[in-house]
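Colleague: Provide a 3D model corresponding to the input given below.
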Amino acid sequence: MNNSFKESFAPTVVLVSICLIASILLAATFQITEPLIEKITIEMANAARSTVLPEASGFVEAKDVVLVDGVTEVYEAVNGVGYVITAQFKGFGGPVVVMTGLDPKGNIAGVKVTDASQETPGLGSKATNPDYLNQYVGAHAISSEPGSVDATHISAVTGATYTSRAVFSAISVALQQFSELGGGF
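Modeller: Prediction:
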């Protein structure tokens, strides 16, 4: 009976020991890599912000801001050249996240879709095309649905109405958020 106990207990001890060592190594790896991952994430986010507000020398998160519905974050350029406002709206397949750069007068300096991964490839993804997004650059206000005619004519992407509306809505609330911030500096 002693031999039987030893045969069943020994593999259990070995398995538990292996699991414990693997868990400790995994936790140590996480502790070592977490700061590096966070640093890279911040650098990538700032690089994306720089594409929509290239004159900025850096960004800080705006403090004490009440976010408008749909807005997920507001960053201020450290050298006072504007804001970068990120908003999210539902497209056809899922959320569409849009980063909008605004100069101190409220003019759109740049637009970037940072996530439209669930949109229909070939259709909805066309709304992430810089040629489509550049039609917003320079606008101070947009007041109608994409595809309609007003002072700022915005063309929708054919076959990607939901995605076009999501981009349009995200930019609209970014402009609204800018207004809530007091219209600038």
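
Colleague: Okay, now the unreliable bits of this protein?
Modeller: 1-2, 5, 118-120, 122-125, 141-160, 184-185 (pLDDT under 70).

Colleague: Next, work out how far apart Ala174 and Leu15 are.
Modeller: Using Cβ to Cβ, to the nearest Å, one gets 54 Å for the distance from Ala174 to Leu15. C-beta coordinates here come from the backbone N, C-alpha and C atoms, glycine included.

Colleague: Those two: which has the busier surroundings?
Modeller: Ala174 (29 against 10; other Cβ atoms under 10 Å).

Colleague: For whichever strand or helix holds Val167, name the packing helices and strands.
Modeller: Here Val167, judged by DSSP states H and E, is contained in helix 161-180. When contacts are defined as 3 or more Cβ pairs under 8 Å, 6 or more residues apart in numbering; DSSP states H and E, helix 161-180 packs onto strand 71-77, strand 83-90, strand 95-102, strand 108-115.

Colleague: The shortest one pairs with which strands, and in what direction?
Modeller: Strands adjacent to strand 71-77 in the sheet, as given by DSSP bridges, are strand 59-61 (antiparallel), strand 83-90 (antiparallel).

Colleague: buried set for the shortest one?
Modeller: Going back to what we said before, that points to strand 59-61. Within strand 59-61, the residues that count as buried by 16 or more other Cβ atoms under 10 Å are Phe59.
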